[in-house]
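Asker: what would the 3D arrangement of this be:
(one chain, ligands or ions: 2)
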Amino acid sequence: MKVSKALTIAGSDSGGGAGIQADLKTFQEFGVYGMSVLTAVTAQNTTGVQGVFPVPIEGFEAQLRSIGSDLKPDAVKTGMLFSGEYIERTAYFIKKFGWNNLVVDPVMIAKGGATLLSEEALDAMKTYMLSIAKIITPNIPEAEALTGIIIDCKEARAEAAKVLFDQGADYVVIKGGHFGEGTYVSDLLYNGVEMYEFVEKRVITKNTHGTGCTFSAAITAELAYGKTAESAIEYAKKFIQHAIEHGIDVGSGHGPVNHFVYRRIAHEQY
Ligand SMILES: Nc1ncnc2c1ncn2[C@@H]1O[C@H](COP(=O)(O)OP(=O)(O)OP(=O)(O)O)[C@@H](O)[C@H]1O
Ligand SMILES: Cc1ncc(CO)c(N)n1
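Answerer: Ligands and ions are numbered 1, 2, ... in the order given. Next up is the predicted model:
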């Protein structure tokens, strides 16, 4: 049986809500065969990040070579890339293997404030990843760090999207989860010609662990199926909305979004 295949290059979240675990669960939910290359192991749960342990760089590169020499992902996403060295190696292998359906989620800081990307890596992210990204999906603080623009209004967000586009990404999505506490949450898409806003009702919940990873994994899964960037983003936005609305009550902190939301809704109908 032929299947669409997607690869995530990211960190592990032992708590299962973000990182590689969120990506693989989302790929599975979309019916896409999931593969993973680990940059780092995090000791993490719903209350925060207790430790970050990078995979030795040789082990990281070996995983990329194993995938590249045998499996051909239809789409690839990057999440926590840990440091400039891992970023440079990631870009090298992505180019070498010709993986061009690339979603870059420039993960920098976990919700509780833990650093997932070293500060020196910011330049490497701009130099190596933006130029090869099909879609980049920063949240507001990440877009601010990458552009130097303070995003305190919609106009500033649009300006930042243009700067990121000029740095090389084909499609820029600046997510609005961190944009105040309004009734609606809007994500901005810029494709070099037009700006689109994807708007949904803000869900009042503490279970928002993994929103960003799950959203970008859903986009990647849709790209793996051969969908256009616009339709992949539109569908992923609906998916993340359902996943947040049905967030899971586990742990004592921020529970994860619900990666198997469609199946759960189906079960509830019986
Ligand atoms: N409370 C909410 N209600 C509805 N949608 C939300 C809410 N919070 C975030 N989103 C949506 O979830 C997606 C991820 O956005 P967000 O800005 O939270 O990303 P992120 O900060 O990268 O996530 P993470 O903290 O997992 O790294 C976006 O589509 C955003 O609009
Ligand atoms: C491993 C990992 N990647 C990404 C995030 C984003 O929030 C996280 N919390 N943990």
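Asker: which residue, other than its chain neighbours, is closest to the residue of the stretch 1-150 of the chain found nearest ligand 2?
Answerer: Proximity to ligand 2, evaluated over the stretch 1-150 of the chain using C-beta to the nearest ligand atom, is greatest for G19 at 2.9 Å. Where C-beta positions appear, they are placed from N, C-alpha and C, glycine not excepted. Leaving aside its sequence neighbours, G19 sits nearest to D13 (C-beta to C-beta, 6 or more residues apart in numbering; 3.7 Å).
Asker: isn't that neighbour right up against A22?
Answerer: Yes - when contacts are counted by C-beta atoms under 8 Å, D13 is listed as touching A22 (7.0 Å).
Asker: shared neighbours of those two, which are they?
Answerer: Residues touching both D13 and A22 (C-beta atoms under 8 Å, 6 or more residues apart in numbering) are G210.
Asker: gap between stretch 79-97 and the chain center?
Answerer: Here the centre of stretch 79-97 is set off from its chain's centre by 15 Å, with C-alpha atoms, centre = their mean, to the nearest Å.
Asker: please disregard the earlier target; I meant stretch 222-238.
Answerer: Worked out by C-alpha atoms, centre = their mean, stretch 222-238 lies 13 Å from the chain centre.
Asker: and what of stretch 59-66?
Answerer: On C-alpha atoms, centre = their mean, the centre of stretch 59-66 falls 21 Å from that of its chain.
Asker: T183: neighbouring residues, count only.
Answerer: Using other C-beta atoms under 10 Å, T183 is surrounded by 6 other residues.
Asker: rewinding a little: residue contacts, the residue nearest to G19?
Answerer: G19, I20, Q21, A22, T42, Q44, G210.
Asker: cool, and Q28?
Answerer: G34, H259.
Asker: how about 7 Å then?
Answerer: Listed by C-beta atoms under 7 Å, 6 or more residues apart in numbering, the contact partners of Q28 are G34.
Asker: what of L223?
Answerer: So, once contact is read as C-beta under 7 Å, 6+ apart, L223 ends up touching A75, N101, V103, A232.
Asker: my guess is the first one contacts A6. True?
Answerer: It stands for A75. Yes - in terms of C-beta atoms under 7 Å, A75 counts as a neighbour of A6; the distance is 5.0 Å.
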